[in-house]
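> 3D model of this:
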Amino acid sequence: MSNITGTIFGYRKGKVSFCIQSKSNSSEPILLLELAVPTTILAKEMRGGTLRIVLESSCSYNKNLFSTPLWTMYCNGRKVGYAVNRRPLNSDMEALRLMRSVSVGTGVINNEQDNELMYLRASFQRVRGTSNSESFHLIDPEGCIGQELSIFFFRSPT
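Numbers count the residues shown, from 1 in each chain. Now for the predicted structure:
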């Protein structure tokens, strides 16, 4: 087990991304996924206080779990579409740059294009299962985020 920085972010009128970094000010993400749900829908799901995201893949040709290109996504038990593993775009790097000084928290950042960037950034406990499973669990020691959040990666053997 280890701790990493996890950031869920997206523009209010766009889709959500989930980024894993070794530290909040790291310039290179370990993983960046574009999730199937719009930012506003995920924000509504999070208002309930508990969010479970399961990402499942049957792709077995990659040794590294995080190099899997496509995941089936479940949110609180409901299939909501897919998550795509992709390289960061300039807009992703700009969003992460705007949040570089934030180590833990939630918020909204306004940018020049009059588009609001919503985010949740926190430390996550990284739990490595087998070579086909890994999970991330939000660490909220002071209760300042008020959110229970877990993200599970599971690759089923074919």
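> how near is the residue at minimal distance from the centre of the chain to residue 142?
Note on the chain: the residue nearest the mean C-alpha position is residue 18, at 2.4 Å, using Cα atoms, centre = their mean. Going from residue 18 to residue 142 by Cβ to Cβ, to the nearest Å gives 23 Å. Using the backbone N, CA and C atoms, a C-beta is placed for each residue, glycine as well.
> again with residue 24
Per Cβ to Cβ, residue 24 is found 17 Å from residue 142.
> which of those two has more neighbours?
Between residue 24 and residue 142, residue 24 has the larger neighbour count (other Cβ atoms under 10 Å), namely 19 against 6.
> Over to the more buried one. Which of the three states is it?
Per DSSP: H, G, I helix; E, B strand; the rest coil, the secondary structure class of residue 24 is coil.
> residues of stretch 87-96 that come out buried?
By 16 or more other Cβ atoms under 10 Å, the buried positions in stretch 87-96 come out as 88, 92, 95-96.
> Repeat that for stretch 110-125.
Neighbour-count burial for stretch 110-125 [16+ other Cβ under 10 Å]: 117-124.
> just the strands in this structure please.
Secondary structure of the chain by DSSP state E: the strands cover 2-11, 15-21, 31-38, 50-57, 70-75, 78-85, 105-110, 116-128, 133-139, 148-155.
> Which of those sits closest to residue 63?
Among those, the nearest to residue 63 by Cβ to Cβ is strand 148-155 (10.7 Å).
> can you give me how far the lowest-mean-pLDDT helix or strand in the chain is from the chain middle?
None of the helices or strands of the chain scores lower by mean pLDDT, DSSP states H and E than helix 39-46, at a mean of 82. Its chain's C-alpha centre and that of helix 39-46 lie 13 Å apart, by Cα atoms, centre = their mean, to the nearest Å.
> Show me what it is packed against.
Here helix 39-46 touches strand 2-11, strand 15-21, strand 116-128, going by 3 or more Cβ pairs under 8 Å, 6 or more residues apart in numbering; DSSP states H and E.
> outside of the second one, which residues touch it?
The one in question is strand 15-21. Identification of contacts with strand 15-21 by Cβ atoms under 8 Å, 6 or more residues apart in numbering yields 4-10, 28-39, 42, 53, 83, 88, 92, 95-96, 124, 136, 151.
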